[in-house]
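Student: no letters, just coordinates:
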């Protein structure tokens, strides 16, 4: 029996496998997973996929902590489907991690002010890929009788506590969905490292949540876990990362100022850029705490 026949009769784990395969297949075969060189070269390597429940208390905590800019999965789903009777725990957040290609990471390691051309192309073309993947997954779910909402991650407002804040954070959804924890520079450190881009959709279906192998939100960062790393401090050309954490405004001013000028002048891309804190650091391609040796 296929998922679109009667998804309710599917074992929930089979549904998780089916969704994971959709996301993996799209990374493998989509023409949008391309850096658009004359030869075909992928933006992303094979993805990671995780799940969390819409009623997870962490989503409520984010709402209380960040304030009104942030929307819970329940609020997002009901803004898309106002007639739905779904409760928070009827919803599953499908979260995926798209790891940046090895060649792009290699190119970026030698850069000190702005990323390489591969890094610039990754930033510019990754949004098209992620939007296409999101639409593809929502359509596949719909064909199976499963409603899914696209989170409004591009809506930016002001949080009293944190300043700039989005209505939805892909990194926070990844954290709740068992993918990893935050680093000193606020990036999400996954099993495949920090040089990644995250995406998600919110679906009206129950899938068992992915187990979180951590309780501390900094557990996979060497600086917090072992007091032994300041790699992203040294990598930041804007001086926006210190031992105290990440200065979002200073980071943004660099990305949208010199970073945007660089993209336009060098490549003709109307896009901001930096992300050097994702390369040439111990957490670039793995969870460094797993392999840490004194």
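Tutor: Looks like it arrived, so ask away. Note that this is a predicted model, so its numbers are computed, not measured.
Student: where along the protein do the helices fall?
Tutor: Here the chain has its helices, by DSSP state H, at 12-29, 57-66, 73-80, 102-109, 117-143, 170-176, 222-226, 231-235, 248-254, 260-267.
Student: residues of the longest one that come out buried?
Tutor: What it means is helix 117-143. Of all the residues in helix 117-143, those buried under the rule 16 or more other Cβ atoms under 10 Å are 118-126, 129-130, 133-134, 136-138, 140-141. For the C-beta atoms, the positions are set from N, CA and C on the backbone; glycine is no exception.
Student: repeat that for the second one.
Tutor: Along helix 57-66, these residues count as buried under the neighbour rule (16+ other Cβ under 10 Å): 58, 59, 62, 63, 66.
Student: I figured the third one hits residue 70, correct?
Tutor: Yes - assessed by Cβ atoms under 8 Å, residue 62 is found in contact with residue 70 at 5.5 Å.
Student: shared neighbours of those two, anything?
Tutor: Counting by Cβ atoms under 8 Å, 6 or more residues apart in numbering, the common neighbours of residue 62 and residue 70 are residue 169.
Student: returning to what we had before: between the buried residues of helix 57-66, which is nearest residue 171?
Tutor: Proximity of the buried residues of helix 57-66 to residue 171 (Cβ to Cβ) peaks at residue 62, which lies at 11.0 Å.
Student: for the nearest residue to residue 186 once chain neighbours are set aside, list each beta-bridge partner.
Tutor: Once flanking residues are discounted, residue 186 sits nearest to residue 246: 4.4 Å by Cβ to Cβ, 6 or more residues apart in numbering. With DSSP bridges applied, residue 246 shows beta-bridge pairing to residue 241.
Student: touching, residue 246 and residue 171? I think so.
Tutor: No - taking contacts as Cβ under 8 Å, residue 246 lies outside contact range of residue 171: 11.9 Å.
Student: please enumerate the shared neighbours of the two.
Tutor: Joint contacts of residue 246 and residue 171 (Cβ under 8 Å, 6+ apart) are residue 186.
Student: please list all residues in contact with the residue nearest the centre of the chain.
Tutor: By Cα atoms, centre = their mean, the chain has its centre lying nearest to residue 198, at 1.8 Å. Taking Cβ under 8 Å, 6+ apart, we find residue 198 in contact with 95, 96, 97, 98, 170, 171, 173, 174, 179, 188.
Student: of these, closest to residue 159?
Tutor: Closest approach to residue 159 among the contacts of residue 198 (Cβ to Cβ): residue 171, at 15.0 Å.
Student: now the closest one, nearest residue through space, not along the chain?
Tutor: Nearest non-adjacent residue to residue 171, counting by Cβ to Cβ, 6+ apart: residue 188, 4.3 Å away.
Student: test my guess that the one you found contacts residue 179.
Tutor: Yes - proximity of residue 188 to residue 179 meets the contact threshold set by Cβ under 8 Å, at 6.7 Å.
Student: touching both of the two, which residues are there?
Tutor: Residues touching both residue 188 and residue 179 (Cβ under 8 Å, 6+ apart): 97, 198.
Student: quick check: which of the helices of the chain is nearest to residue 50?
Tutor: Closest of those to residue 50 is helix 170-176, at 7.1 Å (criterion: Cβ to Cβ).
Student: I'd like the distance from that closest one to the chain centre, please.
Tutor: Between the centre of helix 170-176 and the centre of its chain there are 7 Å (Cα atoms, centre = their mean, to the nearest Å).
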